[in-house]
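Trainee: Quick one: sequence and predicted model below, then my questions.
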Amino acid sequence: NAGVTQTPKFQVLKTGQSMTLQCAQDMNHNSMYWYRQDPGMGLRLIYYSASEGTTDKGEVPNGYNVSRLNKREFSLRLESAAPSQTSVYFCASRDPGKRRTEAFFGQGTRLTVV
Amino acid sequence: SQKIEQNSEALNIQEGKTATLTCNYTNYSPAYLQWYRQDPGRGPVFLLLIRENEKEKRKERLKVTFDTTLKQSLFHITASQPADSATYLCAVAAAGNKLTFGGGTRVLVKP
């Protein structure tokens, strides 16, 4: 039972490079989320997808794009990485329609932009 | 603007005592509020959910209260143990299934 799987776990990028963070869930959840977490801080919402085919901006969307490829997969793209995007990125999924509406998180992607 | 605020200062507490954490929210009318635990290097893990019509919820040594008038939730860890040391985050779900977290409070339980 994999839950939420993120790839890669670690990545180092040079300023200006692009990359895509992958996230997949096997719980048939409708909603998926991307957060970033900086040292000593909470989770800040980048983008979310309430259901397949929809995406919306969160608190800190600048510099990022997302794709809800299908119900299982939600990717986060950095088109031109900047040092300010050095962070740990978490993907999460949940099904708000169910009584148990908790979010399940992946193990995180630690990204360093030099 | 919408805000979810938790005490950013770490809470140091002696083993066996009760830890109390606060979550205040502004410009939300949540149907429920959630609490998560996060250990270093890991993603958050769900602990408890409390609905707007519930005043209190318990799970083992954890207790959560929800006051929609004060726009506040309190999270209690009773008979705290060193293994309870972690960061605790509250989360609010807004319209459109947007799930927003507070900044978290780090708890350190000393033996």
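Mentor: Cool, got the structure. Since this is a predicted model, take the numbers as computed values, not measurements.

Trainee: contacting residues around the residue of chain A at minimum distance from chain B?
Mentor: Closest approach between chain A and chain B, counting by C-beta to the nearest C-beta: A:Phe105, at 3.0 Å. Using the backbone N, CA and C atoms, a C-beta is placed for each residue, glycine as well. A:Phe105 makes contact with A:4, A:90-92, B:43-45, according to C-beta atoms under 8 Å, 6 or more residues apart in numbering or on different chains.

Trainee: How about it: what's its closest non-neighbour residue?
Mentor: B:Gly43 (3.0 Å; C-beta to C-beta, 6 or more residues apart in numbering or on different chains).

Trainee: Taking the contacts of A:Phe105 together, which two end up most distant?
Mentor: Across the contacts of A:Phe105, no pair lies farther apart than A:Cys91 and B:Val45, at 14.6 Å, counting by C-beta to C-beta.

Trainee: any idea how far B:Gly16 is from B:Leu89?
Mentor: Noted for B:Gly16: a distance of 24 Å to B:Leu89, by C-beta to C-beta, to the nearest Å.

Trainee: Next: B:Gln38.
Mentor: Going from B:Gln38 to B:Leu89 by C-beta to C-beta gives 6 Å.

Trainee: what residues do these two have in common as contacts?
Mentor: Residues within reach of B:Gln38 and of B:Leu89 at once, by C-beta under 8 Å, 6+ apart, are B:44, B:104.

Trainee: In terms of neighbours, single out the busier of the two.
Mentor: Between B:Gln38 and B:Leu89, counted using other C-beta atoms under 10 Å in any protein chain shown, the more crowded position is B:Leu89 (24 against 21).

Trainee: so where does that one fall, helix or strand?
Mentor: strand B:86-94 (DSSP states H and E).

Trainee: That strand - contacts with which helices or strands?
Mentor: strand B:3-6, strand B:19-26, strand B:32-38, strand B:72-77, strand B:98-101, strand B:105-110 (3 or more C-beta pairs under 8 Å, 6 or more residues apart in numbering or on different chains; DSSP states H and E).

Trainee: For that strand, the averaged confidence score.
Mentor: If you average the pLDDT over strand B:86-94, you get 93.

Trainee: Ok, stretch B:18-33 next?
Mentor: Per-residue scores along stretch B:18-33 average to 93.

Trainee: does any part of that stretch sit near chain A?
Mentor: Yes: interface with chain A: stretch B:18-33 contributes B:Tyr32 (C-beta under 8 Å from any C-beta of the partner chain).
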